[in-house]
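Undergrad: Structure for this input, please:
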Amino acid sequence: MPTVTIQVPDDLKRRMEKHEIINWSAVARHAFEKQLSDIEFFKEFTKDSTMTEEDAIRLGRQVSRKSGERYQKLYGLKK
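TA: Residues are numbered from 1 along each chain as shown. Okay, here's the model as predicted:
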C-alpha cells in the first residue's frame, strides 16, 4: 500500500499519542474516503444541473427564510 504523510499541529499529535489504541491511519483513511465519497456524490448529483451559483444562493436564502418563518410559527415566536 502506498504511503501518505500528513502533518498535524504538535498539540494534536500529543493528544493523539495519549490514545495509542486508536489506529489513526484507519481514522484518516475513513475521513479521506468519506470526503471523496461526498465529492463524487455531489458531482454526480449536479452533473446535469443548469443552476448557476447565483441561482443556488437565491434558493438557499429562500429556504433559510421559509425555515425561519416555519420555526417561528411552530414555536409561537415573533419576528
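
Undergrad: Distance from the helix or strand bottoming out on mean pLDDT in the chain to the middle of the chain?
TA: Lowest mean confidence among the helices and strands of the chain (mean pLDDT, DSSP states H and E): helix 53-74, at a mean of 92. Centroid separation for helix 53-74 versus its chain: 20 Å, with C-alpha atoms, centre = their mean, to the nearest Å.

Undergrad: What of stretch 6-18?
TA: 22 Å.

Undergrad: got a list of contacts for that stretch?
TA: The contact list for stretch 6-18 (C-beta atoms under 8 Å, 6 or more residues apart in numbering) reads 22, 24, 28. From N, CA and C alone the C-beta is placed, and that goes for glycine too.

Undergrad: what's the domain layout of the protein?
TA: The chain resolves into domains spanning 1-48, 50-79 when parsed by automatic domain parsing.

Undergrad: can you list those domains in JSON lines and add mean neighbour count?
TA: Output for those, formatted as JSON lines (neighbours: other C-beta atoms under 10 Å):
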{"stretch": "domain 1-48", "mean neighbour count": "9"}
{"stretch": "domain 50-79", "mean neighbour count": "9"}
